[in-house]
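Peer 1: Quick one, fold the following:
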Amino acid sequence: MSSNSYFALVGTRDNPLYEAEWGPQTRNTAGDAQGGQNRKEEHKHLNQFIVHAALDVVEELMWGSTSMYLKIVDKFNEWYISAYVTASGAKFMLLHETSNIDGIRNFFQDTHELYIKTLLNPFTEINAPITSPMFDAKVKALARKWL
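Peer 2: Below you'll find the model as predicted:
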């Protein structure tokens with residue numbers, strides 16, 4: 001997992017349910033902690049903006065495809081945006097640098113299975129943010145495995 005990636009799970013009402021970021025740039029290598037934190041926040045907001053802009057493309061493509069995995073739906077500079085749409089309309093969005101179609105598809109499928117297991121919990125509300133540290137750890141483990 002040498003490349004930078006940003007993953008967002010977007011609910012049926014286009015509300016963010018979960019987000020994670022991993023890769024070399026997520027480490028704070030700056031001399032002063034405050035400057036590194038500011039750059040990390042700016043980078044996070046840029047990732048959110050790119051993924052949010054690609055949601056319109058996903059909305060168009062999801063009605064014209066029978067596949068849940070929509071592959072690469074958009075590109076911003078050197079970044080690719082891949083998407084996966086569940087049967088309920090939740091969208092999995094991945095912002096990544098390299099084109100690893102099979103690995104990304106496997107990551108999305110395994111993350112979808114994890115998302116379904118999370119929704120089976122009777123205390124989980126649909127379209128509510130997922131704050132479980134266990135869910136976060138498992139998504140990051142899947143990212144290490146497939147991306």
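Peer 1: so what's the closest residue in space to D136 that isn't next to it in sequence bridging to?
Peer 2: Spatial nearest neighbour of D136, excluding adjacent residues (CB to CB, 6 or more residues apart in numbering): A20 at 6.5 Å. Where you see a C-beta, it was placed from the backbone N, CA and C, and this is true even at glycine. On the basis of DSSP bridges, A20 is bridged to F7.
Peer 1: how far away is A20 from K138?
Peer 2: Separation of A20 from K138 (CB to CB, to the nearest Å): 11 Å.
Peer 1: which element follows the helix or strand of the chain with the lowest mean pLDDT toward the C-terminus?
Peer 2: Least confident element among the helices and strands of the chain, by mean pLDDT, DSSP states H and E: helix 33-62 (a mean of 74). Proceeding N to C from helix 33-62, the next assigned helix or strand is strand 69-76, under DSSP states H and E.
Peer 1: buried stuff in that following strand?
Peer 2: For strand 69-76, burial by neighbour count (16 or more other CB atoms under 10 Å) applies to Y69, L70, V73, D74.
Peer 1: got it, and stretch 122-140?
Peer 2: For stretch 122-140, the neighbour count (16+ other CB under 10 Å) marks I130, F135, K138, V139 as buried.
Peer 1: Could you tell me which of those residues belong to helices?
Peer 2: Under the assignment DSSP state H, those contribute F135, K138, V139 to helices.
Peer 1: For the last one, which residues are in contact?
Peer 2: By CB atoms under 8 Å, 6 or more residues apart in numbering, V139 lies in contact with F7, Y18, A20, T111, L114.
Peer 1: wait, isn't the first one in contact with G23?
Peer 2: No: no contact is recorded between F7 and G23 when judged using CB atoms under 8 Å, the distance being 10.9 Å.
Peer 1: out of these two, which sits in the more crowded spot?
Peer 2: Taking other CB atoms under 10 Å, F7 and G23 do not tie; F7 has more neighbours (25 against 16).
Peer 1: quick one: average confidence on the helix or strand hosting F107?
Peer 2: According to DSSP H and E, F107 maps onto helix 101-119. Averaged across helix 101-119, pLDDT comes to 94.
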